[in-house]
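Participant: Following is a predicted model, sequence given first.
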Amino acid sequence: MEPLVAELKQKIEDTLCPFGFEVYPFQVAWYNALLPPAFHLPLPGPTLAFLVLSTPAMFDRALKPFLQSHHLQPLTDPVDQCVAYHLGRVRGSFPELQIEVIADYEVHPNRRPKILAQTAAHVAGAAYYYQRQDVESDPWGTQHIAGVCIHPRFGGWFAIRGVVLLRGIEVPNLRPTKPLDCVPTRADRITLLERFNFHWRDWTYRDAVTPQERYSEEQKVYFSTPPAQRLALLGLPQPSEEPSSPSQELHFTTLLPKKPQNPRRGWLSPTVSPPTSPGP
Ligand code: B12
């Protein structure tokens, strides 16, 4: 890797990795080359960019401390705010550079995503993006089949959080790293894409490779809770409520016993709170 890229990567890693994120460098040209002009990033091809993803550790290392630090605003998703806060810190650590950050949830006024996170993850070598075109004579006819990225160490137990663009830093000699093809057979790719498209709520697509770490039960419960109920789940005031005492207690530890005891207790029981919208 070019010394400049290695140095910038190290600095971004020092900022983000302790909080459960990973970063992978890529050139804007590699991303633009795969996409129609409507999706292009409007920067010169050799511009340096970094893909940022969150690992299972992000929940404990970034989200919980963030919620306790009172940075939380009403009305927007706490995870999105937490990620935006940490990506913003990257900008803060390079005051001399023109850094732009695009988060996975950002859309243009016509609702088109500002970044295709999976294509970026693939070109950055972070996680292989499996699409129906990667399955020879696929069995799905006219159905829409969305693609899914699989990380060599975390399987599907991660989320792509955004890209950091370093305007003005051009690295024409950066060599692409191919993502590891960890689901090489046709049969396994079919299983993966069917699980992701039709059974994503059961989490099984995430085990396409045996992961080094999965989301904790607590994290799964959080992401399985409809966004509107997540603040209540964490014991935080709802947007309509006045903030209560200055030392707002978090209720994680009371929500879930440290060791899973009786999984049918209280709201953990599927009959009480069926998972509806797992997040990433
Ligand atoms: C809109 C959206 C949805 C929509 C539509 C999904 C879809 N893909 O059709 C809905 C609401 C249904 C949805 C659901 C889910 N989603 Co969603 N979603 C997105 C979002 C915001 C944009 C995806 C999109 O619209 N892409 C546009 C289409 C056109 O892109 P595309 O299919 O990739 O096509 C391009 C490529 O094929 C490329 N291309 C062409 N040739 C080649 C060749 C190569 C080699 C490559 C790399 C690319 C490439 O060109 C095409 C464009 O022209 C992304 C985040 C993001 N910003 O990217 C998350 C995202 C895809 N979702 C994600 C997840 C996890 C889910 C859910 C499981 C729910 C959840 N959050 O837990 C479910 C899964 C069920 C399902 N059917 O998808 C994750 C996937 C992570 C992963 N491991 O891949 C993402 C990346 C969010 C994240 N933060 O991590 N989602």
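Facilitator: Yes, it's here. Residues are numbered from 1 along each chain as shown.
Participant: Just say helix, strand or coil for the closest residue in space to residue 98 that isn't next to it in sequence.
Facilitator: With Cβ to Cβ, 6 or more residues apart in numbering as the criterion, residue 98 has its nearest non-adjacent residue at 4.0 Å, and that residue is residue 167. To be clear about C-beta, it is placed using only N, CA and C from the backbone, and glycine gets the same treatment. For residue 167, the assignment made with DSSP: H, G, I helix; E, B strand; the rest coil gives strand.
Participant: Residue 167 touches residue 100, doesn't it?
Facilitator: Yes. Residue 167 lies in contact with residue 100 (Cβ atoms under 8 Å); the separation is 6.1 Å.
Participant: which neighbours do those two share?
Facilitator: Counting by Cβ atoms under 8 Å, 6 or more residues apart in numbering, residue 167 and residue 100 have no contacts in common.
Participant: what about the helices in the stretch 101-250 of the chain?
Facilitator: 117-123, 186-198, 217-224, 227-233 (DSSP state H, counting those that start in this stretch).
Participant: And the residue nearest the centre of the chain?
Facilitator: residue 159 (2.2 Å; Cα atoms, centre = their mean).
Participant: And that one, how far from the ligand?
Facilitator: The gap separating residue 159 from the ligand is 4 Å, by Cβ to the nearest ligand atom, to the nearest Å.
Participant: Look at that residue and report its pLDDT.
Facilitator: The model reports residue 159 with a pLDDT of 98.
Participant: For burial, what's the neighbour tally of the residue nearest to residue 98?
Facilitator: 14 (other Cβ atoms under 10 Å).
Participant: State the phi and psi torsions of the nearest residue to residue 174 once chain neighbours are set aside.
Facilitator: Nearest residue to residue 174 in three dimensions, chain neighbours excluded: residue 27, at 5.4 Å (Cβ to Cβ, 6+ apart). As for residue 27, its main-chain torsions (degrees, to the nearest 10) stand at phi -100, psi 140.
Participant: If you tally nearby residues, what's the number for the closest residue to residue 32 other than its chain neighbours?
Facilitator: Leaving out its chain neighbours, the residue that sits closest to residue 32 by Cβ to Cβ, 6+ apart is residue 40, at 4.6 Å. Other residues within reach of residue 40 by the criterion other Cβ under 10 Å amount to 14.
Participant: Alongside the ligand, which residues does this protein contribute?
Facilitator: Residues of the chain found near the ligand (Cβ under 6 Å from any ligand atom) are 34-36, 39, 104, 113, 115-119, 122, 129, 131, 146-149, 156, 159-160, 196-197, 200, 278-280.
Participant: Try it again at 5 Å.
Facilitator: 34, 104, 113, 116-119, 122, 129, 146, 148-149, 159-160, 197, 200, 278, 280 (Cβ under 5 Å from any ligand atom).
Participant: If any of those residues are buried, put those into a PyMOL selection.
Facilitator: Here is the PyMOL command that selects the buried residues among those (16 or more other Cβ atoms under 10 Å):
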select buried, resi 104+116+117+118+119+122+129+148+149+159+160+197+278+280
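Participant: Could I get the full set of strands for the stretch 151-280 of the chain?
Facilitator: 159-170 (DSSP state E, counting those that start in this stretch).
Participant: what's whichever helix in the chain runs longest packed up against?
Facilitator: Looking across the chain with DSSP state H, the single longest helix is helix 78-93. Identification of packing neighbours for helix 78-93 by 3 or more Cβ pairs under 8 Å, 6 or more residues apart in numbering; DSSP states H and E yields helix 3-16, helix 64-68, strand 98-103, strand 159-170.
Participant: Just list whatever residues bridge to the residue lying closest to residue 179 once chain neighbours are set aside.
Facilitator: Closest residue to residue 179 apart from its sequence neighbours, by Cβ to Cβ, 6+ apart: residue 128 at 4.1 Å. According to DSSP bridges, the partner residues bridging residue 128 are residue 150.
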